[in-house]
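**Q** The following block contains a protein sequence and its predicted model.
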Amino acid sequence: KLHSRIKKLENALVNARLESKEDFLTHVSNKRALSEELKRVEEGYVRYKIDYSICFIDLDHFKTVNDTLGHEVGDVILKTIGKILQKLTRQVDIVGRYGGEEFLVILPSTPLAQGVAFAQKVRQSIEKFKFIYKNERILVTASCGVSERKNHQNQDETIQAADKMLYEAKSAGRNQVKPTAG
């Protein structure tokens with residue numbers, strides 16, 4: 001009996017550890033796990049000069065989807081975006097939900113041009129995906145900002161630069177990718 005109870009507790013602990021690093025809705029990394037991975041890739045950059053790129057992805061006008069169609073529809077779209085991102089990334093890439101409808105992808109050993117190509121592929125895949133609700137297509141688009149670590153003083157500047165470029169993409173009309181100047 002005691003052995004069975006211990007086994008159940010061990011399994012519950014394994015599940016709790018997984019849940020503490022995975023976004024419950026999209027099944028990609030959560031912000032805590034992203035933070036750990038960012039720390040790890042930064043250590044690789046500092047120690048071995050292994051460069052990486054950061055890609056911020058934000059769904060355009062997503063609040064309107066939630067307000068007009070409901071949060072259940074919004075949740076289905078977010079889950080689907082998580083699957084699209086996982087499908088488009090390599091095993092070494094880290095995909096996470098940064099918050100709300102914003103995702104962050106860490107692209108190890110990826111120069112800016114390849115990061116931009118990845119972001120374009122993501123943007124196009126989201127735009128082409130046929131989200132259907134009550135027999136009507138919901139057009140979903142995304143804006144992306146991309147930066148490369150070697151072009152910045154530190155990791156925080158790299159993240160801020162990608163975030164700034166994301167907002168420039170939104171300001172410039174949305175549904176586009178903006179890279180930092182290399």
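**A** Sure, I can see it.

**Q** How far off centre is whichever strand or helix holds Glu43?
**A** Here Glu43, judged by DSSP states H and E, is contained in helix 31-48. Relative to the chain's own centre, helix 31-48 is displaced by 15 Å; criterion: Cα atoms, centre = their mean, to the nearest Å.

**Q** neighbouring contacts of stretch 175-182?
**A** By Cβ atoms under 8 Å, 6 or more residues apart in numbering, the residues outside stretch 175-182 that reach it are 60, 112-113, 115-116, 119-120, 123, 127, 141-148, 151-152, 161-162, 164-166, 168-169, 172. Every residue, glycine included, has its C-beta placed from N, CA and C.

**Q** repeat that for 7 Å
**A** Stretch 175-182 is contacted from outside by 60, 112, 116, 119-120, 123, 127, 141-148, 151, 161, 165, 168-169, using Cβ atoms under 7 Å, 6 or more residues apart in numbering.

**Q** List the buried residues in the helix holding Glu43.
**A** With burial defined by 16 or more other Cβ atoms under 10 Å, the residues of helix 31-48 counted as buried are 33-34, 37-38, 41-42, 45.
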